[in-house]
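In: Using only what follows, build the 3D model:
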Amino acid sequence: MIRPLHLEESSNGEESSGDAAHADVPHVLLVLDQFPKTLGGGERIVLKLAGLLPQYGYRVSILTFSAHPDSAGLKSPPCSVYLLPLQRTYDLAAMRGSLDLRKFLKEQRIRIVQTFFESSDIWAGFVTKAMSNAKLIWSRRDMGILRTGKHHAAYRLMAGAPDKVFAVSEQVRRHCIEVDGVDPSRVQTVYNGLDLADWNAASKSEERVGESVVATVGNIRRVKGHDVFIRAAASVAEKFPHTSFRIAGDVLEPEYFAELQALVSELKLSDRFHFVGGVTNLRDYLSAADVFVLPSRSEGFSNAIVEAMAAALPVVATNVGGNAEAVQDGVSGIIVPPDDPDAIASAIVDLLSDTAKAKQMGAAGNRLAAEKFTTEAMMGQITRVYASLLRGE
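Out: Okay, here's the model as predicted:
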């Protein structure tokens, strides 16, 4: 049974499902696997889309299969949010759920279903195409790092289902085509967008003579490569003893976090390496840094890189996913191999040794962000595809 977790307010301030008020407005349903307590990039982009699409003439609702009661995504969502409890996609409950979803799509006059993550793509995608006339869009945000063997097989079987696939980077686009077998004409790269006006208003922290800050952003998960960053920091600290290092992100893998803390202690970095947790003001956090590092082992396309570029920071990033599409090696930052602390350390030392070069790279990154990674560019691409699908093209 689908039930509302939050209903948007109608124009008279009352809670409403909005059927009559929005009868002529195309209704988009954003489907995601879960709203966890700590939001990741995928959940954040869903909420961002939900907040922006009404400005482009669309009504939006969100459907999720699981929601933590304390999820940040449920505090003040920009649209109605519905829960369809789903633990498995292949049992009797899932069969009943498919009938509930079919009824929901019809009653809510859903014209476009845009899915995020595996269960949403495969299960909700199948129900959408088999039981409704709605158009289906997959939003692919990674290189399949969380997939099981069943997921790989299902994506191949479902390759012809989506009317369009939004890939968050060219690397992800190639993965959809080469691994999943999706028709290249259906796969479009849509980079994450940032509202640069907010970032341009941020002021740089006061310069600290003889001191430097090297920062990264990413929830505490092994895939983010924070252990590689810590080992690199130990090498950098030998040459720049007044440098401090910071990681901003919530702890999603406690055992890994314990490993990181032990590694910091083992490498005698406790007085200069700081885990600052989830930060509420990322602009202030980044404005205090001199170099940004993204040591990830896998990425689709990193929001954090674009945010660092918007903050005019030189970026050191691993050559995974779409990182090299965001960072121009030698122009706005330095691209290094993954799992290579020596390469990261060498790049950081290079930037700390030549502050003029570091500032030049930071300025170049800021210009690139303004050219390629804006909210306006992202929304323009998405809504043009919506309009084309609704026209039957």
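In: ranges for the strands of the protein?
Out: For the chain, applying DSSP state E gives strands covering 3-6, 27-32, 59-64, 80-83, 110-116, 135-140, 164-167, 187-189, 212-217, 243-248, 273-277, 291-294, 315-318, 333-336.
In: Leaving out the residues flanking it, which one is nearest to residue 53?
Out: What sits nearest to residue 53 in space, not counting adjacent residues and going by Cβ to Cβ, 6 or more residues apart in numbering, is residue 60, at 4.8 Å. For glycine as for every other residue, the C-beta is placed from the backbone atoms N, C-alpha and C.
In: Tell me who's in contact with the one you found.
Out: Shown in contact with residue 60 (Cβ atoms under 8 Å, 6 or more residues apart in numbering): 27, 28, 29, 30, 49, 50, 53, 54, 78, 79.
In: between those residues, which is closest to residue 129?
Out: residue 29 (13.6 Å; Cβ to Cβ).
In: Just grab the bridge partners of that closest one for me.
Out: Residues in a beta bridge with residue 29, per DSSP bridges, are residue 61, residue 113.
In: quick one: it and residue 64 touch, right?
Out: No - the pair residue 29 and residue 64 does not pass the contact test of Cβ atoms under 8 Å, sitting 10.9 Å apart.
In: if we can go back for a sec, dump the strands of the chain to TSV, plus mean pLDDT and distance to residue 225.
Out: What follows is the strands of the chain, written out as TSV (pLDDT from 0 to 100; distance: least, Cβ to Cβ, whole Å):
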stretch	mean pLDDT	distance to residue 225
strand 3-6	94	34
strand 27-32	98	25
strand 59-64	98	29
strand 80-83	97	33
strand 110-116	97	23
strand 135-140	97	22
strand 164-167	98	22
strand 187-189	97	24
strand 212-217	97	9
strand 243-248	97	11
strand 273-277	96	15
strand 291-294	98	8
strand 315-318	98	7
strand 333-336	98	11
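In: Reformat those strands as a markdown table; add distance to residue 264.
Out: Below are the strands of the chain laid out as a markdown table (distance: least, Cβ to Cβ, whole Å):
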| stretch | distance to residue 264 |
| --- | --- |
| strand 3-6 | 39 |
| strand 27-32 | 34 |
| strand 59-64 | 36 |
| strand 80-83 | 39 |
| strand 110-116 | 34 |
| strand 135-140 | 35 |
| strand 164-167 | 36 |
| strand 187-189 | 38 |
| strand 212-217 | 14 |
| strand 243-248 | 9 |
| strand 273-277 | 5 |
| strand 291-294 | 15 |
| strand 315-318 | 19 |
| strand 333-336 | 21 |
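In: Any idea which of those strands gets closest to residue 155?
Out: Between these, strand 135-140 lies closest to residue 155; by Cβ to Cβ that is 9.1 Å.
In: Tell me which strands the closest one pairs with, and in which orientation.
Out: Strand 135-140 has these strand partners (DSSP bridges): strand 110-116 (parallel), strand 164-167 (parallel).
In: could I get the ones you listed as a markdown table with distance to residue 220?
Out: As requested, the strands paired with strand 135-140 are arranged in a markdown table below (distance: least, Cβ to Cβ, whole Å):
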| stretch | distance to residue 220 |
| --- | --- |
| strand 110-116 | 22 |
| strand 164-167 | 27 |
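In: closest to residue 342 out of the ones you listed?
Out: strand 164-167 (32.0 Å).
In: Run through the residues that contact the residue nearest to residue 372 when sequence neighbours are not counted.
Out: Nearest residue to residue 372, sequence neighbours excluded (Cβ to Cβ, 6+ apart): residue 191, at 6.4 Å. Residues near residue 191 by Cβ under 8 Å, 6+ apart: 168, 169, 301, 306, 322, 325, 326, 372, 373, 377, 378.
In: ranking those by neighbours, who comes first?
Out: Tallying neighbours with other Cβ atoms under 10 Å puts residue 326 at the head of the contacts of residue 191, with 30 neighbours.
In: Now do it against residue 137, distance only.
Out: Distance of residue 326 to residue 137, given as Cβ to Cβ, to the nearest Å: 23 Å.
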